[in-house]
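Colleague: when you get a sec, could you give me coordinates for this:
(one chain, ligands or ions: 1)
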Amino acid sequence: MEKKDVNELPSQFIYKVPRTHKIFQNRSIKFGVFGKQGIEITDVCPIPNNEIICDWCNTPITDEKINLVVHLDKFSSKTLVDQALCERCKKKKYSELIVIGE
Ligand SMILES: [Zn+2]
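Modeller: Next up is the predicted model:
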């Protein structure tokens, strides 16, 4: 993300990134069981880098730029991305958020 003053940003916004962004690289779904040492991973299913699904409607996203919903903690300046959205769900669920990176 380009450098911006944290105070200029709202606590939640949409950040558009290319579908080749590192957040979509080398992902996997891990399966596990609770063991004596905590969660023990029993299987790992890789997710193809180009397979991006909307977290609201589960539709495959084929756009070149992907909408990420970003939460900003202004005290620590840390960000948390909790969903990728298709254009339709972005407009339906988060039309009030500003969009950065278009
Ligand atoms: Zn969607």
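Colleague: local confidence estimate at the closest residue to F31 other than its chain neighbours?
Modeller: Among residues not flanking F31 along the chain, D43 sits closest, at 4.3 Å (C-beta to C-beta, 6 or more residues apart in numbering). The C-beta positions use only the backbone N, C-alpha and C, and glycine is treated the same way. With respect to pLDDT, D43 scores 97.
Colleague: how close does D43 sit to the ion?
Modeller: 28 Å (C-beta to the ion, to the nearest Å).
Colleague: so what's M1 scoring on pLDDT?
Modeller: pLDDT at M1 comes out at 53.
Colleague: moving C-terminal of the host helix or strand of Q83, what's the next helix or strand?
Modeller: Assigned by DSSP states H and E, Q83 falls within strand 78-85. Per DSSP H and E, the first helix or strand lying C-terminal to strand 78-85 is helix 87-93.
Colleague: so is that following helix next to the ion?
Modeller: Yes - for a cut-off given as C-beta under 5 Å from the ion, helix 87-93 has contacts with the ion, namely C89.
Colleague: where does pLDDT dip in this protein?
Modeller: 1-4 (pLDDT under 70).
Colleague: try it again with 80
Modeller: Scanning the chain for pLDDT under 80 picks out 1-7, 102.
Colleague: quick one: distance of the helix or strand harbouring the residue nearest to F31 to the chain centre.
Modeller: D43 belongs to strand 38-47 when assigned by DSSP H and E. Relative to its chain's centre, strand 38-47 lies at 20 Å (C-alpha atoms, centre = their mean, to the nearest Å).
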